[in-house]
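> Have a look at this prediction, sequence included:
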There are 2 protein chains.
Amino acid sequence: MEEKTRPGPKRSLTAEQIVDVALELFDGEAPSIRGVAAKLGVRPNTLYTYLPDRAAMERALVDRFLAMADPDLLIGRRVWRRRVEDYACALRSVLLRHRGAAALLHTAPIDGQTAALVGERLLAVFTSAGLSTADAARSTYAVIVHVLGSATLTAADLRGGTEADIVAARLEVAIDPGFLPLTAAAWPVVATWNTEEQFRWSLRTLLNGCVGGA
Amino acid sequence: MEEKTRPGPKRSLTAEQIVDVALELFDGEAPSIRGVAAKLGVRPNTLYTYLPDRAAMERALVDRFLAMADPDLLIGRRVWRRRVEDYACALRSVLLRHRGAAALLHTAPIDGQTAALVGERLLAVFTSAGLSTADAARSTYAVIVHVLGSATLTAADLRGGTEADIVAARLEVAIDPGFLPLTAAAWPVVATWNTEEQFRWSLRTLLNGCVGGA
DNA sequence: CCTATCTCTGTACGGTGTGCAATGTTATGC
DNA sequence: GCATAACATTGCACACCGTACAGAGATAGG
């Protein structure tokens, strides 16, 4: 527990500080090593005392982003569907607020401790909803896939505009009913694919499937 | 239609050729402009005659990857669930075969013509299954999210190993039942999250939800 | 033939991650 | 108290990257 005392000069930074400023500098993508070092008033190489490489910084950022959506939303006395939906929306919101965060998630396996906690709580939710252990586990994965997948696609579409902008822009696109008749007919709905409403709809639909087949 | 004749020397390349070698050089991520140019025996700047920037090359690559999963799998006389499942598995397979392709999808909006065709056909599937136009559109989006989301997460997890490797490696991780009791209990299933079997399970579950609430 | 237009190249700029040897600081064993 | 070994930090360098810009050469229309 007590930190082992070692020779050599004191460290002037901590890994946490580095991630702090990396988060501060985050703007669509992870900042450069050189940028972070500059903000810390230090030469770039110094960071390699604390991190093996740039990828490690990105992994740490991912965990920070995940932790921004309060996992406590998954517990409490509300009905289980509500808890899942609340947490899912919170996470989606975080990933959309920080553009590029979603894409960063797919850089490496997601195995931080925040992710583990969320998994555990989703399992609890589905177990309490009456699913078997195996079905709860599968459902947990399905939900994670949906939340991250949807947020990622939406983030890619949003790049720079608000939700309303995107819908409006989409609505102005003219679809040739000769080539894509169904798409043309469904266009008013297709234009809203990246809204929170659609997100909730497909999440609820997925949950229906999860508990329906039992 | 007939190409307008213009002054200036003949072009030595086509945009398609460039994408061809970009695809050939693809290895986890899109190759560099300089790399593609070298393989084409040309100076890097030359490519800017055909592409506005590197992002355009990546967009073209995305469309190529999407086109590798045969959209015809979505049509035919098989039952609709089967058609969706077949296409979804084919696309997943393509995205896993080319590591990094999935992540590339999330670089920009997916609006190529292959994507449009797939959307149209998914709408047809759900319409033929009895859904309203709006529900068909929402279901289409939900399926796309699931396929791309799942493939992306799996691709991030797979980085370098086969499916069996990953499952085996996961199984060897010891989960502390004190901290994560449910996760520990469900671990044999959790370890298979990135298998095709789980992919099919959650897709079927989603489809159940799509047609169940009608 | 002249000229406008186009492709391709040479060169260059400012950026990236990171390896390596040198410099200087620190705690420990004598 | 001092030598020593371990350590943090730095300067420098390398090999890349995307791409801007000016110029050279090729080509078509007038």
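Looks like it came in fine.
> Please identify the residues of chain A in proximity to DNA strand C?
Neighbours of DNA strand C within chain A, by CB under 7 Å from any atom of the strand: A:5-10, A:32-35, A:44-45, A:48, A:53-55. The C-beta positions use only the backbone N, C-alpha and C, and glycine is treated the same way.
> So of the residues you listed, which two are at opposite extremes in space?
Taking CB to CB, the two most distant members of the residues of chain A next to DNA strand C are A:5 and A:32; they sit 33.9 Å apart.
> out of these two, which sits in the busier spot?
Taking neighbours as other CB atoms under 10 Å in any protein chain shown, residue A:5 and residue A:32 compare with residue A:32 leading, 14 against 5.
> Got a PyMOL select line for the buried ones in the residues of chain A next to DNA strand C?
The buried residues among these can be selected in PyMOL (16 or more other CB atoms under 10 Å in any protein chain shown) with this line:
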select buried, chain A and resi 33
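> Could you single out the nearest of the residues of chain A next to DNA strand C to chain B?
The closest of those to chain B turns out to be residue A:55 (CB to the nearest CB; 10.9 Å).
> which SS state does that closest one fall under?
helix (DSSP: H, G, I helix; E, B strand; the rest coil).
> which element follows the helix or strand of chain A with the lowest mean pLDDT toward the C-terminus?
The helix or strand of chain A with the poorest confidence is helix A:163-172; it has a mean of 92 (mean pLDDT, DSSP states H and E). Following helix A:163-172 in sequence order, the next helix or strand is helix A:181-190 (DSSP states H and E).
> List the buried residues in that following helix.
Buried, per 16+ other CB under 10 Å, within helix A:181-190: A:182, A:183, A:185, A:186, A:187, A:189, A:190.
> and these, which two are the farthest apart?
A:182 and A:189 (11.1 Å).
> how far away is residue A:54 from residue B:179?
As judged by CB to CB, to the nearest Å, residue A:54 and residue B:179 stand 30 Å apart.
> so how far is the least confident helix or strand of chain A from its chain's centroid?
Put simply, helix A:163-172 sits 23 Å off its chain's centre (CA atoms, centre = their mean, to the nearest Å).
> Could you export stretch A:38-56 as PDB, CA atoms only?
Taking Å, rounded to 0.1, in the frame of the first residue of the first chain, the C-alpha atoms of stretch A:38-56 are listed here in PDB:
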ATOM      1  CA  ALA A  38       3.200  21.700 -24.100                       C
ATOM      2  CA  LYS A  39       0.200  22.500 -22.000                       C
ATOM      3  CA  LEU A  40       2.000  20.800 -19.100                       C
ATOM      4  CA  GLY A  41       5.100  22.900 -19.700                       C
ATOM      5  CA  VAL A  42       7.200  19.800 -20.400                       C
ATOM      6  CA  ARG A  43       9.000  18.200 -23.300                       C
ATOM      7  CA  PRO A  44       7.000  15.600 -25.100                       C
ATOM      8  CA  ASN A  45       9.300  12.700 -24.100                       C
ATOM      9  CA  THR A  46       8.600  13.300 -20.500                       C
ATOM     10  CA  LEU A  47       5.100  11.800 -21.000                       C
ATOM     11  CA  TYR A  48       6.700   8.500 -21.800                       C
ATOM     12  CA  THR A  49       7.700   8.200 -18.200                       C
ATOM     13  CA  TYR A  50       4.000   7.900 -17.400                       C
ATOM     14  CA  LEU A  51       2.600   6.300 -20.500                       C
ATOM     15  CA  PRO A  52       3.900   3.600 -22.800                       C
ATOM     16  CA  ASP A  53       2.600   5.300 -25.800                       C
ATOM     17  CA  ARG A  54      -0.100   7.500 -27.300                       C
ATOM     18  CA  ALA A  55      -2.600   4.600 -27.400                       C
ATOM     19  CA  ALA A  56      -2.400   4.300 -23.600                       C
END
